[in-house]
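# quick one: sequence and predicted model below, then my questions.
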Amino acid sequence: MALSNEQKKAYRAIGHTLNPIVTIASKGLTEAVLEEIGRALDDHELIKIKVAVGDREVKKVVIKALVEQTGAELVQQIGNTALLLRRNPKAKANLSNLQR
């Protein structure tokens, strides 16, 4: 599901006001972290996460693995923050960060 530039721009505008829901720290992508991110993506569809693993290359590897394991789309990465999108047609409108 490749996003067009217009879609990415719209999602970045929504994501600008979001706070990070999950922080990935020194232990990396544990099963509990993946479950929490999956739950957050199911509920909110568009989430911001903080990746505080140190080195820039390690950060890229962690985000790539996260995107692959969750089936999400990376909308934007700035510094230690990544914006992820995974559409859920059954998401509750009051929890979703996307307008319906």
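Cool, the structure landed.

# from here on, just use CA atoms for contacts and neighbour counts.
OK.

# the residue nearest to Ala40 when sequence neighbours are not counted: what secondary structure?
Nearest non-adjacent residue to Ala40, counting by CA to CA, 6 or more residues apart in numbering: Ile47, 7.1 Å away. Secondary structure, DSSP: H, G, I helix; E, B strand; the rest coil: Ile47 is strand.

# and the closest residue to Ile49 other than its chain neighbours, how many neighbours?
Nearest residue to Ile49, sequence neighbours excluded (CA to CA, 6+ apart): Pro20, at 4.6 Å. Neighbourhood size, Pro20 [other CA atoms under 10 Å]: 15.

# same check, this time on the one 5 residues further on
Per other CA under 10 Å, the neighbour tally for Ala25 reads 14.

# go on, Gly15?
Neighbours around Gly15, by other CA under 10 Å: 22.

# all strands of this protein, in order?
Counting by DSSP state E, the chain has strands at residues 22-24, 46-51, 73-78, 81-85.

# hmm, back to that, and the gap between the residue nearest to Ala40 and Ser96?
10 Å (CA to CA, to the nearest Å).

# settle it for me: which of these two has more neighbours?
Ile47 (25 against 19).

# show me the shaky parts of the protein.
Where the chain drops to pLDDT under 70, the residues are 1, 100.

# residues contacting the residue nearest to Ile49?
Counting by CA atoms under 8 Å, 6 or more residues apart in numbering, Pro20 makes contact with 47-50, 81.

# same question for Lys92.
Asp43.

# check the burial of the nearest residue to Ile37 once chain neighbours are set aside by counting its neighbours.
Of all residues not flanking Ile37 in the chain, Val22 sits nearest, at 6.9 Å (CA to CA, 6+ apart). Per other CA under 10 Å, the neighbour tally for Val22 reads 16.
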